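S.K.: Predicted coordinates and the sequence they were generated for:
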Amino acid sequence: ICVCLFQEQGKIGVTFNIGTVDISVKESNTEVNDGKYHLVRFTRNGGNATLQVDNWPVNEHFPSGNSDIERYQMANKKIPFKYTRPVEDWLQEKGRQLTIFNTQATISIGGNDRKRPYQGQLSGLYYNGLKVLNMAAEGHPNIKVNGSVRLVGDVPTSRGATRTTTSMPPEMSTTFIETTTTLSTTTTRKQRSPPSIQ
């Protein structure tokens, strides 16, 4: 189960898998390898996903066909009574599978995929409401840093002498991290004991 934000030929995309098949949503019209800061928003609800870069149009992915629930409701009248419960149980289990990221315990940011390692700068990364990079900068005990990751500092301004050509959008976090490999965080799953740190 994974979410992978990537840049391919200068264009941003996200591939995710919630236990079924890889699903991709991409910004295919505009390149982001222009030396400017970009705000990338990715949201997912089950197999539905949206990706927006800056204030460009939203790219959406919705699974094709009717949902399992809609198909079940249409076929319900034709399902013999003795099979109704197994079908309902199957749909409930499938629904739980689509929420698996909602209780994710480990998040890897950066070069976890050796074939496509991330090299660059990140700022303002939120995961389920957690400011992951801010937590890393504050030395949070549930954050584990691997490889070549370093805190660069506060967000550079366009007047500063830092490596930037444009100022950051105001929505971005003030924590600024540069990575060439991996940053991991471990968060507590609902209704489970806190995980141990490796």
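M.R.: Perfect, I can see it now.

S.K.: and after whatever helix or strand G13 lives in, which helix or strand comes next?
M.R.: Using DSSP states H and E, G13 falls within strand 11-17. On the C-terminal side of strand 11-17, the closest following helix or strand by DSSP H and E is strand 22-26.

S.K.: got the angle for that following strand vs strand 11-17?
M.R.: Counting by axes from the mean of the first three to the mean of the last three CA atoms, to 10 degrees, strand 22-26 points 160 degrees away from the direction of strand 11-17.

S.K.: circling back to that earlier point, list the buried residues for the strand holding G13?
M.R.: Neighbour counts over strand 11-17 (16 or more other CB atoms under 10 Å) mark K11, I12, G13, V14, T15, F16 as buried. Using the backbone N, CA and C atoms, a C-beta is placed for each residue, glycine as well.

S.K.: Output those as a markdown table; include the columns pLDDT and distance to R41.
M.R.: As requested, the buried residues of strand 11-17 are exported to a markdown table (pLDDT from 0 to 100; distance: CB to CB, whole Å):
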| residue | pLDDT | distance to R41 |
| --- | --- | --- |
| K11 | 89 | 16 |
| I12 | 89 | 11 |
| G13 | 89 | 13 |
| V14 | 88 | 10 |
| T15 | 86 | 16 |
| F16 | 82 | 14 |
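
S.K.: quick one: the strands in this protein?
M.R.: Remark: strands assigned in the chain by DSSP state E are 2-8, 11-17, 22-26, 40-45, 48-53, 59-61, 106-110, 120-123, 126-127, 130-131, 143-146, 149-154, 175-179, 182-186.
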